[in-house]
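Novice: fold the following and give me the result.
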Amino acid sequence: MSTQWDRSVDLLIAGSGGGGMVAGLAALDCGLEPLVIEKQALVGGSTGLSGGIVWLPNNPLMRAEGVADSHEDGLAYLADVVGDIGAPSSPERREMFLTAGYEMINFLVRKGVQLIRCDGWSDYYPNHKGGNASGRAIEGIPFDAAELGSWHDKVQPPLAKNYGYVVLTNELRSVQYYNRAPRAFAVATKVFARTAAARLRRRQILTNGASLIGQMLKALISLSGGQPPLWTNAAMDDLIVDDGRVVGARIVRDGVPMNIEARRGVLLAAGGFGHNADMRRRYSGDQPNEAQWSIANAGDTGEVLQTAMRLGAKTDLLDEAWWLPSVFIANGGAVAASLGSGRQRPGAIYVDSTGRRFCNESNSYVEVGKAMYANKAVPCWMIFDDGYVHRYVTGTNPLKRNQNLPPALIESGAVKRGQTIADLADQIDVSADKLTDTVARFNRFAAKGLDPDFGRGQSAYNDCLGDPGYRPNAAIGPLDRAPYYATRVLPADVGTCGGVITNEYAQVLDEHDRVIEGLYATGNTTATVMGRTYPGAGASIASSMVFGYVAARHAAGRKLAGEMSR
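Specialist: A predicted model of the protein is given here:
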């Protein structure tokens with residue numbers, strides 16, 4: 001085979017999210033020449049748009065602060081929570097995730113990426129074997145975009161931009177309850193002061209996923225002498241194969257087709273297929289979805305995954321996604337956001353079309369989304385009372401709590417209102433008797449901070465996202481103040497989490513479990529090591545970054561520290 005190459009590099013990396021950026025840094029550090037291509041105009045992918053948290057058991061920041069954890073606890077937790085789901089989460093991949101993850105965090109810190117612990121953000125299943133209530137999550141510090149020079153406006157805007165504050169993801173837990181508890185007020189005051197200082201200095205301060213991507217971009221610029229090996233508006237069209245080995249790819253950069261040779265391999269780190277309706281329809285199985293509710297990164301359209309599938313790559317978990325139960329209200333703004341957090345707050349419950357509760361609403365968003373499908377509760381209803389509105393619903397000014405919902409929401413039908421639960425039931429076409437009984441039973445126990453049916457409020461995770469000023473339980477409270485309200489909840493997602501199967505070195509396997517030489521993959525392009533669960537905040541970003549790091553090291557022929565010690 002003879003291909004006319006327009007550019008030759010060692011490692012071609014498709015996607016500039018967490019996995020792609022770490023891989024680019026690791027490749028440069030190993031002496032390779034990488035090239036990261038990003039089909040969108042901005043850098044960061046799904047990681048840049050996200051909260052930017054990285055979940056890793058027994059990570060270096062935990063050790064430095066003396067937070068109890070161990071490698072063995074991490075393995076035990078994955079075994080108990082993820083369970084046996086086969087090749088995507090094999091013992092070898094779990095071991096690599098933990099071992100290489102520790103090494104990766106230290107590597108990033110050495111390259112100047114500054115990280116802090118998300119203190120108090122519990123694992124999502126802290127009561128399971130190996131669970132950690134103190135939290136294994138970390139995130140980037142507030143980062144001044146000016147440090148990126150000419151690249152300062154090339155990073156996906158931070159999640160915090162939607163809130164109007166320079167706020168870390170872990171701080172958001174407190175800011176939303178600024179008027180509910182002294183500690184929350186203190187955190188909010190710090191955030192408001194930081195925001196005011198940034199505005200006064202006319203600085204763009206990046207937080208959340210934008211901080212993580214921005215800091216890695218700065219390191220990439222530094223390592224490459226000022227011009228990072230990163231192309232935007234450059235989409236992968238197809239892989240180029242010679243004698244069974246992937247040797248490069250056809251890409252389209254600014255509308256111009258190009259052939260890029262990849263001497264050491266190609267890494268697919270371009271996300272999943274959240275917005276690909278055809279693929280979602282074909283692979284959704286018992287969780288039918290046509291992408292109509294996906295809030296994934298706009299570039300999450302599946303073409304890169306399809307290139308590997310055409311080569312015969314083995315796949316799994318294609319029916320699964322990172323579910324996020326969401327309230328969609330046109331032009332709902334801050335009010336819709338206030339309602340979207342209802343499942344974790346006192347004064348609200350989820351019910352199915354019969355008027356019954358069907359899950360612990362405060363558990364992992366992925367778990368609740370799966371429960372909606374499993375219980376045929378798509379959509380389900382969030383039922384809440386006027387006490388909820390009084391405590392939590394915000395208008396255009398998030399510092400001002402409103403006594404009433406905007407009349408337009410009621411008039412449009414986006415939110416239903418009734419003076420009694422029975423009246424509300426009639427409006428949402430569910431059994432008045434059943435909904436009345438459901439709320440009465442819930443209230444009876446919730447007044448004592450209990451939920452014998454689903455255990456809501458009985459874990460550190462339920463508690464850490466609840467209302468710190470509510471007693472006796474931050475996550476649960478009765479619906480006992482008229483009028484009563486209902487709004488639809490849909491199983492949105494922030495991306496799919498099924499794809500090609502890789503081994504512990506991030507090498508893509510074919511249908512016969514053989515390595516497709518020259519082809520690596522990480523992130524939502526792959527069947528995740530987290531299986532069908534979400535162990536903790538930032539698990540998907542962590543997996544993408546760790547296996548991006550592993551792929552670059554493997555392509556360079558470098559061993560990991562854990563391997564050298566064996």
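Novice: residue 138 belongs to a strand, doesn't it?
Specialist: Yes. Assessed with DSSP: H, G, I helix; E, B strand; the rest coil, residue 138 lies in a strand.
Novice: tell me if I'm right that it and residue 53 touch.
Specialist: Yes. Using Cβ atoms under 8 Å, residue 138 is in contact with residue 53, at 7.1 Å. From N, CA and C alone the C-beta is placed, and that goes for glycine too.
Novice: residue ranges with poor pLDDT in the stretch 451-566 of the chain?
Specialist: Filtered on pLDDT under 70, the stretch 451-566 of the chain yields the residue ranges 562-566.
Novice: could you rerun that using 80?
Specialist: 561-566 (pLDDT under 80).
Novice: thinking again about what came up before, give me the common contacts of residue 138 and residue 53.
Specialist: Common neighbours of residue 138 and residue 53, using Cβ atoms under 8 Å, 6 or more residues apart in numbering, are 118, 538.
Novice: excluding chain neighbours, what is closest to residue 554?
Specialist: Take residue 554 and drop its neighbours on the chain: the residue closest to it by Cβ to Cβ, 6 or more residues apart in numbering is residue 505, 4.5 Å away.
Novice: ok, that neighbour - how many residues close by?
Specialist: 18 (other Cβ atoms under 10 Å).
Novice: you'd agree it is up against residue 550?
Specialist: Yes. Contact criterion Cβ under 8 Å: residue 505 and residue 550 qualify, at 6.0 Å.
Novice: what do these two both touch?
Specialist: Going by Cβ under 8 Å, 6+ apart, residues that sit against residue 505 and also against residue 550 are residue 96.
Novice: returning to what we had before: now the residue nearest to residue 554: how far from residue 266?
Specialist: Using Cβ to Cβ, to the nearest Å, residue 505 is found at 14 Å from residue 266.
Novice: enumerate every residue touching the closest residue in space to residue 98 that isn't next to it in sequence.
Specialist: Distances taken as Cβ to Cβ, 6+ apart place residue 74 nearest to residue 98, at 4.9 Å, with adjacent residues excluded. Listed by Cβ under 8 Å, 6+ apart, the contact partners of residue 74 are 57-58, 98, 130, 136.
Novice: so which of those comes closest to residue 26?
Specialist: residue 98 (17.5 Å; Cβ to Cβ).
Novice: what about that closest one, neighbour count?
Specialist: 22.
Novice: how about the secondary structure of it?
Specialist: Once three-state DSSP is applied, residue 98 turns out helix.
Novice: tell me which residues touch it, please.
Specialist: 56-58, 71, 74-75.
Novice: out of those, which end up buried?
Specialist: 56-58, 74-75 (16 or more other Cβ atoms under 10 Å).
Novice: which one of those is nearest residue 408?
Specialist: Of these, the one sitting nearest to residue 408 (Cβ to Cβ) turns out to be residue 56, at 44.5 Å.
Novice: so what's the closest one up against?
Specialist: 98, 101-102, 105, 136, 138, 542, 546.
Novice: what two of these have the greatest distance between them?
Specialist: 98 and 138 (14.5 Å).
Novice: the strands in the stretch 201-350 of the chain, which residues?
Specialist: 205-206, 230-231, 234-242, 245-253, 256-268, 315-316, 321-326, 348-351 (DSSP state E, counting those that start in this stretch).
Novice: out of the ones you listed, deepest packed?
Specialist: strand 205-206 (a mean of 27; mean count of other Cβ atoms under 10 Å).
Novice: out of the contacts of residue 74, which comes closest to residue 223?
Specialist: Using Cβ to Cβ, those come closest to residue 223 at residue 98, 26.2 Å.
Novice: report the beta-bridge partner residues of residue 321.
Specialist: For residue 321, the beta-bridge partners are residue 496 (DSSP bridges).
Novice: can you pull the contacts of it?
Specialist: Contacts of residue 321 by Cβ under 8 Å, 6+ apart are 272, 274, 287, 289, 294, 369, 493-498.
Novice: and the pLDDT for residue 399?
Specialist: Residue 399 is assigned 52 on the pLDDT scale.
Novice: can you give me the strands in the stretch 351-500 of the chain?
Specialist: Under DSSP E, counting those that start in this stretch, the stretch 351-500 of the chain gives strands at 380-385, 416-418, 484-496, 499-500.
Novice: elements contacting the second one?
Specialist: What it means is strand 416-418. Packing contacts for strand 416-418, counted by 3 or more Cβ pairs under 8 Å, 6 or more residues apart in numbering; DSSP states H and E, involve helix 421-427, strand 484-496.
Novice: now do the longest one: distance to the chain's middle.
Specialist: Pointing back at strand 484-496 there. 16 Å (Cα atoms, centre = their mean, to the nearest Å).
Novice: got it, and the shortest one?
Specialist: The chain centre lies 36 Å from the centre of helix 421-427; the measure is Cα atoms, centre = their mean.
Novice: same check on stretch 165-175?
Specialist: 16 Å.
Novice: so what touches it?
Specialist: Outside of stretch 165-175, the residues within contact range by Cβ under 8 Å, 6+ apart are 51-53, 116, 118-121, 137, 139, 141-142, 159-160, 163, 183-184, 187-188, 190-192, 194-195, 198, 205, 207-208, 464-465, 468, 537.
Novice: and the residues you listed, which of them are buried?
Specialist: Listed as buried from these are 51-53, 118, 121, 137, 139, 142, 159-160, 163, 184, 187-188, 191-192, 194-195, 198, 205, 207-208, 464-465, 468, 537; burial here means 16+ other Cβ under 10 Å.
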